[in-house]
Structures are given as C-alpha cells and as structure tokens.
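In: just coords:
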C-alpha cells in the first residue's frame, strides 16, 4: 500500500464519530486518573484494554493512546497543585511548578505545563514519524554495558540536581538502589533482606515507594500548623486567574528550551525500560545547565516547568519508537498497547510498519489528535481543577491519603503493600525534615533493578570489566556521569567561597 | 463492565478470531486446543447452582504481559459460557509464586481460579517456593507453546548441525540467553546435554528481553517462541535452527524439529493451565471444565482454518514433573535463605530534627541519623555475605547489594563527620519537645493513617475509610456545625464511592473485612 493511500485510509478510520468519541473519553479518563495521586496511567490503560477488544484495531489503539497522552499531562495537576508526582515522569515537575503554584500562581503553573505538554507531544509525534526506524536502533544496540553506564549517569544527574548537598543526594540515590534489592533478586529470585517476612517477600514496589515518599510525607507536611488549619486554610492562596494565550506566548518565547527538552524526552524515552522515568529529569538538568540563571531553578520559574513537562510528554512518543519499529515495549504502558494489538490479531514486530502501514500512520495521527484533545480539555477544565486549591486542607489531606491507599492496594492486591506504604511514608517524612532530597531515592528504587541486572548480565556475557570503558557509548556516559558530579562539587565550592567572602 | 457479553453474531465472530490470533501469538498455538486437563475426577454430576456470582481469576503476573493478555481474552469470552464474570486479579511477584501462594490459600469454593505454567516446576525445583503442581486442582490446560532455538541471522550457523559442531568444539564460548533458574534455562541445559557441550549463560528476565539481546548481538543464541521471534526471523534479523515439537508447527514449515535432527529427547515447549485450589468440589470442576470445553469448541470461537493449522495437544502434569526432575538436576549450587536479623527497623532510626535551621538539635539529629544508618548498613553488609553465589555468573545475589551497602556506609560516615564538625559552630536552638509539639497534628495524622491500614483487614475498606476520613477531618478542624456536616458527607462519599467504583466498575475488589 503506498504511503498516501495508507495515510488516507487511516484518516478515514480515525475521523469517524465512534473513534473520536472513544478517544475523547480516553483523554478525559487519562487526565483524571493521572491527576489523582496513587492512581496511575498504567492502571487506567489496563482497565481500558478489555473495552477495546470489541473495537476495530485502529479505534482500540487510538483510544488507548488517548488515555496514555492524557495521562502524561494529567500527572502535571497533582505535581503542580499538591507537590505529589503521580508517576516517576512528573518528578521534575514538582521542582518548579509546585513552588510557582505555592507562590500564588497556580493558574500560571498549570497553564505553562499544559502548553509545554502539548508542544512536547507534537514535537515527539513529528520525530516519531520522521525518525522512528533509526532511533529504534537505540533499543537493541544498547547492550548491558551501555545500560549500566546510562543508569549511573542518570543517578548522578538526579543526585546533583536537587538539594543543597551532593553528598546527601548521592546517599539518597544509593539508599534507593539498596531498597530496590529487598525482595527476590532479579536474576534467580533468591530472597534478599526479607527476613522471612511476608511483608517484604515481593520487595518494595516502586509505586508504593513513590506514593509513600512523596504523597504521605508531603501531606503530613501540609498539616503541621494547627493555627492555619483552625481557620480552614486551603492549600494555596492566590489568584485563580488563567490567561491561556498569555501563557502560550510565555511557553513559545522559550523555543530552544522547548525543542531541547522535547528532543531529550524522545531520545531518552526511546530507551526501553529506563527512558520514561529519567527523561524528564535529564531534560530539566539540561535546561538548568543551559540557563544563564541556573540558581533560580527550583524556585518556581517558567523554564523549569517547560523543560520538565515538554520532556515528559515527549517520552510518550519516544516510548512508542521501539514498539512500532521493532515490537519492543519500552514501558508497562507500551506492553499493554502491544497486547491490545495482538488481541486484534496484529503481529507487533519489526514488520509492523510494512505490514500495517495504515495502522501505524493512524497511531501517529492519533498522537497528534490526542495531544490536541488534551490541550482543549485541560484548558476548558482548568478552572475546575484549580478549585482543588480552594478546598480546605482538613478535607483534601485525608481524602488524598485514602486515594493513595487505594492506589497501593489496587496495584498488586496485597494488603501488606499498605503497611509498606505507611512505613515508607513515615521514613519519607523523617527524611524531608532532615533536609534530604527525596527524588534521588525514588529514582534509585526504579533504576536499581535495571542497574543490577545489566551489571550482572554484562559480566556474564564477558567477564572483563574493561568493556565498560572500551565500548564508546558506555565510556561517553561514564564520562558524563563523572562530569555531572564534578560540576556540582565545583558549584558547591564556589557557593561556599562566595558566602565566605561576603 | 468490561466483561459484558457479546450481542451480535458478527461482533462475536470478530472477537473470537481475534482471540485465536492472540493465543497464537502469545502462546504459539490457538485457543482451539483449550480443553480438559482433568485428573482423576470421574464424570460427575455438574453443580447446578454454580457459579452464582463472579469468579476471581488470579494471574500471578503483572498487568500487560503475555500471560495477562491471554487471560484477559479468556476472561472476556468466558462470561458467555460460565454465566458469570471472570475478573482478572493481578498478583505478581517472585517469579509468579506469590499469586499462586495466595491462590493455594483461598477457600476451594470454586470462586477463585488461577493461571499456572511450568515455571512453577522450576521455581519449586530451585527452592523458590514449596508449592508444586500437586497443590492445585487442574481445570483446563491451555495451548502449549513450541520453543525454538534461535540465533542471529548474521552468525555463520545456517543449521543446527553447524551450531552443534561449533558449540562442541568451543565449550563455554556460546553466549546463551536464558531466564536463570527458569524453564528456558532447563531447555538450554537439555540442548547442552544433547550435543555434549556447555554454554555461557546470560540471564534475562523474559523472552522479549532475551530476543532483544539476540537481535542486538549481545548474545549468540537463545530459546524463543513464535510471538517474540517470528517477526525478526521474517525480517531477516534472526534465524530459527530447530523447534522442540514432535511435528513442524504450521507457522514455520521450514524449520526442522529436534526429533528429525536425531534428538528425540529435546521436547521443548511451555504449557499453561487453569487451576483451582485443592479440595474444590468435583462437581464444580466438572461444570467449569465443561464450560471451558464448550468455549473452546464453539465454532464461533475460532475459525476452522486456524483451528486445523494450529491444533495443539494436551499435556498432563506428568510431563511437567519430568521436566522438573531435570530442573532439580541442574539446580543452583546453594539457595540458602538469608538468616533472620535483629537490626533496627528503618523507620525507627533516629529522633526528629529540622536541618533547615542549623540549630544544635538539627545537627545532632542528622549526626545520630547517619550513625544509625551506618550501623544498620554495616549489619546488612555482613548479612548479605550469606547470600548464595551462583555457578553461572561471576557476581552472585549478594555482590550488588554489598557494593551499594559499602558505598552507603562510607557516605553516611562522611555525612556524620560533616555534622560532627558543624556541631561546634551551632547555637543552642529550641527544644526537641517544642519542635515535636508544634507538629503534633502531622504526627496525629500519620498515626491515624497507620491505624487505618492496620484496621483495614478487619474493618474492610468502606468502614475503615469512612472512620479514617471522619476522624482526621475532625482532628484537622472540622469540629462543629457546617464543617462537620461537610466532613461526614465527604467521608461517606469517598469511603463508599471508591469501594463501589473499584469493586463494581473496575472489578478490582478492595478488602471486604471480616466483620
């Protein structure tokens, strides 16, 4: 089938009333699911899967993509308004969008995020169309050596990104790596550090750590001041005005940041397994490095929001690259999408784009369409979401805690995960009080198993350690890791000298 | 909601041929082979009033994987035959053994079923779980999936004979991808024995990851199946050398079987089945088996063509037991459990102190915290030495944790030193008690949340949530009048609302409680 025919056929299928309606429902469901702390895009997509069985292939996949794209933007809402990232991919959003909302500009924070998400999704869909096959090579050419070095790089980036002490940041990353080793070991399933407790038998699922560390400790931090609560104080005092076009201009006035962050999101997002959770942090880090005022990052500036949100939305397209080009799912969400295609009798593999061009072009178009729908829905419902900030803390804190409990329970159907959630939450509150950055810990938990598996796999394939330094991509990543530590040490020393001379 | 029955014949047809497609992709064979795997139960009367409500279906894997997708297709189609929905409950963890453990502990009342595959035999043989196939009552066996020996198309091995000759001449050279301690590993060991060599095993979590490694050239050979490998073979990236079925599967007519090549012992396939907890009423087994049988035989379920091409065979559990014997022979050197340890609990590590103001108390709190962590990690470091090493890899289960723990000890000591040095420069700050009293509501909220979690198994989700919501809102200021009324409404709405939403709409049951 020639490309134009395929394109026309997919347009015809996509712009049917039934498909548009199911996509719209998908977008709304995705945004809402991701906006509630504890609920995840993955869960929303898994729940959508059986509904798509009775739809034609493109409608089914387009609906799931709509949930996915909606979810990528929805995470912004709880990250900006509550300071709780719903998924690892919105961790960096809490760095600037939350302080901005706290500073009395919740409407601006959300507006910036929504527009940045939209442009990030657009850029990633474009890259997907133009460069999917060559980028997909990342998925197979990165061997265990490159994976391990990439994780090391990501960890040093995160550790140096947040907090005032790189020592504390690295300590938290390592703690995360250790926490991830609790439970069955990734190679053989040997139980480690479980002490024969049922509670620890399956280890600590990263989502439980994410909710516990961020949500529970964050919410406990909200109710520290009895006087505020007595007056029924809401989360944020500020103007609830939103001026969508002004904010859009603000986003577009940062074309370099937008483009760089989106490209980082696409490329890193195309790395199966690890990409989705680290792309937003690397995009944020790159924006900070390129900025003339790096010290203002983390205080609630527009550049930070734009970098993180365009970066994480672009990972939606990036994650699809290895799946469409090679049939390799980049994340749990992609795996569910693949299952949906298989149910429809479509073989997902390296020949997908040749055998089903109309479907693949339809998926690309669905990404554009979904991004547009998310934008319109979010802008229209913005006021409604902002009302969350008017609810007194005495109501929102317990309600969100219950949502977190539901999220932890529904994840694996284990009551013991709820106990873990509380243990992790208490520990997270303690860490926050001791001024430890929390993001490196969560990233460590997510990346730990990937780092360990690939380290062990590399040494099984070849016992020589030197390969980590002789394979060019691996070496480059290790050099970057060393540089990011060196730069932040230098920054700390310079700051210290500056305060000393003052 | 998502298991609604099919209304139109056309819709039914599309869905069912789609089912066949996923089965052929996921398991390599069509659902046409879904049939009875009854053990011992003589044709008994069927239970009349069973099932009268939803049957929970435990899938011991994460949502989205091959096993999960297959079970969702079956779950979706089964309602028509069982007359009741069959919601999928994912209970992943520890190579699928946690979900099966939960299944084995359920009442054998016929309202909990689960999915099983041969991985359990390997997990049993390597000591991961005491559970064995015999702990369950088989209901139906699903298609068996043929397993292939796959190599990269760039390799010089055009045939299995080439491969065998090279492997025999170069023991320990061929990098062979496998799930260590899993069925693919057993399959690899069987090939090793058959050609008289040894491979260098490289561990991967699953078939997809292994095949990705093979395509990328990071390993030389692996066990693959239709769904993971056929696309790459058709595309010219990979090459099938042989298949472990007695006859050539219809999808790969040009790939020789190990039997044809003179290795009748190499029967490589993976079998899946539907099981119930032991002790279930035989009449209920009969009902379920008949319903699944009817589902698999329904002409609408799978078109005749696909059925003829993809007919699979039923295997009884006896075959699996033989395999597990092999697994036992190739079991890892030691699988000792980590001994119990009396180190401090993480959450009880140190007193609180705020470091945002550099008061003496805060610095002291940091110092104590880092020292406590350093001590804890030292204990864990010693404990990790007990973890078994592995005969297949240079690093055992304990190496990576020890690496991390070693670094953690150093970092905590460095941080403690930093705090100790700062101690001299700090002024005396406010008392710890005042600090704690100031944050009393935060601690009370956390305490209420802990109580909520502990009480949930007894009270059930709706009641526990209702009480928690009401108590914390009261605590945080909703003491009287309108605010109290709002609090009550919120408590009822979220306590009951979330319960109904998850239980009824999403079919994810939340704890019901014992009251």
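Out: The structure has been received and is ready for your questions. Everything numeric here is computed off the predicted structure, so don't read it as measured data. Numbers count the residues shown, from 1 in each chain, chains lettered A, B, ... in the order given.

In: pLDDT on stretch B:229-248, on average?
Out: On average, the pLDDT along stretch B:229-248 is 92.

In: got the end-to-end distance for it?
Out: One end of stretch B:229-248 to the other measures 16 Å (CA to CA, to the nearest Å).

In: what does it contact?
Out: Residues from elsewhere that reach stretch B:229-248, judged by CB atoms under 8 Å, 6 or more residues apart in numbering or on different chains: A:327, A:347-352, B:146-153, B:155, B:157-160, B:163, B:187, B:211, B:214-215, B:224, B:249, B:251-252, B:254-259, B:261, B:266-269. All C-beta spots, glycine's among them, are computed from the backbone N, C-alpha and C.

In: Can you check what pLDDT the model gives the closest residue to chain B within chain A?
Out: In chain A, the residue that lies nearest chain B is residue A:349 (2.1 Å; CB to the nearest CB). pLDDT, residue A:349: 80.

In: repeat for the one 3 residues further on
Out: Here the pLDDT value assigned to residue A:352 is 85.

In: I'd guessed it sits against residue A:320; true?
Out: No. Look at residue A:352 against residue A:320 with CB atoms under 8 Å: they stay out of range, at 11.1 Å.

In: Let me see the contact set for the residue of chain A closest to chain B.
Out: Taking CB under 8 Å, 6+ apart, one finds A:326-327, B:230-232, B:234-235 in contact with residue A:349.

In: same thing but 6 Å
Out: Residue A:349 sits next to A:327, B:231 when contact means CB atoms under 6 Å, 6 or more residues apart in numbering or on different chains.

In: That one - that's part of a strand, no?
Out: No. Counting by DSSP: H, G, I helix; E, B strand; the rest coil, one finds residue A:349 to be coil, located in no strand.

In: which phi and psi does it have?
Out: Backbone torsions of residue A:349, given as degrees, to the nearest 10, read phi -170, psi -160.

In: Just the ones of the contacts of stretch B:229-248 in helices?
Out: In helices, judged by DSSP state H, the following of the contacts of stretch B:229-248 are found: A:352, B:160, B:163, B:187, B:211, B:214-215.

In: Can you tell me which of those are buried?
Out: A:352, B:160, B:163, B:187, B:211, B:214-215 (16 or more other CB atoms under 10 Å in any protein chain shown).

In: Can you tell me how far the residue of chain A closest to chain B is from residue A:366?
Out: For residue A:349, the distance to residue A:366 equals 20 Å [CB to CB, to the nearest Å].

In: Strands of the chain, start to end?
Out: Chain wasn't specified; assuming chain A. Assigned by DSSP state E, chain A shows strands spanning A:183-184, A:191-192.

In: Please refer instead to chain B.
Out: Under DSSP E, chain B gives strands at B:35-36, B:56-59, B:88-90, B:112-117, B:136-146, B:148-152, B:175-178, B:200-203, B:221-224, B:238-243, B:269-277.

In: Please identify the most buried of those.
Out: Mean neighbour count, computed with mean count of other CB atoms under 10 Å in any protein chain shown, is highest for strand B:221-224 among the strands of chain B, reaching a mean of 27.

In: in its sheet, what does that one sit against?
Out: Here strand B:221-224 has these sheet partners by DSSP bridges: strand B:148-152 (antiparallel), strand B:175-178 (parallel).

In: picking that back up, now distance to residue B:195 too, for the ones in helices among the contacts of stretch B:229-248, in JSON lines please.
Out: What follows is these, written out as JSON lines (distance: CB to CB, whole Å):
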{"residue": "A:352", "distance to residue B:195": "35"}
{"residue": "B:160", "distance to residue B:195": "9"}
{"residue": "B:163", "distance to residue B:195": "8"}
{"residue": "B:187", "distance to residue B:195": "13"}
{"residue": "B:211", "distance to residue B:195": "22"}
{"residue": "B:214", "distance to residue B:195": "19"}
{"residue": "B:215", "distance to residue B:195": "24"}
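
In: which one of those is nearest residue A:190?
Out: residue B:187 (21.2 Å; CB to CB).

In: per-residue confidence for the closest one?
Out: Reported pLDDT at residue B:187 in the predicted model: 92.

In: how close does it get to chain A?
Out: Per CB to the nearest CB, to the nearest Å, residue B:187 is found 17 Å from chain A.

In: ok, now which ones touch that residue?
Out: B:147, B:223, B:268.

In: With pLDDT added, can I get those residues in TSV?
Out: Listed next are the contacts of residue B:187 as TSV, based on pLDDT from 0 to 100:
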residue	pLDDT
B:147	92
B:223	93
B:268	90
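
In: distance of residue B:185 from chain A?
Out: Distance from residue B:185 to chain A, by CB to the nearest CB: 10 Å.

In: what's the closest non-adjacent residue to that residue?
Out: residue B:178 (4.2 Å; CB to CB, 6 or more residues apart in numbering or on different chains).

In: my guess is the one you found contacts residue B:188, does it?
Out: Yes. The pair residue B:178 and residue B:188 passes the contact test of CB atoms under 6 Å, sitting 4.9 Å apart.

In: Just give the number of residues close to residue 92.
Out: Picking chain A for this. 33 (other CB atoms under 10 Å in any protein chain shown).

In: Chain B is the one I meant
Out: Around residue B:92 there are 21 residues (other CB under 10 Å).

In: quick one on the thing from earlier: quick one, which of the strands paired with strand B:221-224 is nearest to residue B:285?
Out: strand B:148-152 (34.2 Å).

In: okay, the angle between the closest one and strand B:238-243?
Out: 150 degrees (axes from the mean of the first three to the mean of the last three CA atoms, to 10 degrees).

In: For strand B:148-152, what is the distance to the chain centroid?
Out: 26 Å (CA atoms, centre = their mean, to the nearest Å).

In: Contacts made by it with the rest, please.
Out: With contact meaning CB under 6 Å, 6+ apart, strand B:148-152 is reached by B:157, B:214, B:221-222, B:224, B:229, B:238-243.

In: Going by distance to residue A:132, which of those wins?
Out: residue B:238 (20.4 Å).

In: what sits against the residue nearest to residue B:279 when sequence neighbours are not counted?
Out: Once flanking residues are discounted, residue B:279 sits nearest to residue B:108: 3.9 Å by CB to CB, 6+ apart. Contact analysis of residue B:108 by CB under 6 Å, 6+ apart lists B:277, B:279-280.

In: what about the residue lying closest to residue B:419 once chain neighbours are set aside, distance to chain A?
Out: Closest residue to residue B:419 apart from its sequence neighbours, by CB to CB, 6+ apart: residue B:367 at 4.0 Å. Distance from residue B:367 to chain A, counting by CB to the nearest CB: 10 Å.

In: what about residue B:367, neighbour count?
Out: By other CB under 10 Å, 20 other residues sit near residue B:367.

In: Quick one: residues contacting it.
Out: B:416, B:419-420.

In: Relative to residue B:433, how far out is it?
Out: 19 Å.

In: Would you map out the domains in chain B?
Out: Segmentation of chain B into domains, based on automatic domain parsing, reads B:9-144+B:270-329, B:148-243, B:347-432, B:439-505.

In: Can you add distance to residue A:478 and give these back as CSV?
Out: Listed next are the domains of chain B as CSV, based on distance: least, CB to CB, whole Å:
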stretch, distance to residue A:478
domain B:9-144+B:270-329, 32
domain B:148-243, 18
domain B:347-432, 16
domain B:439-505, 41
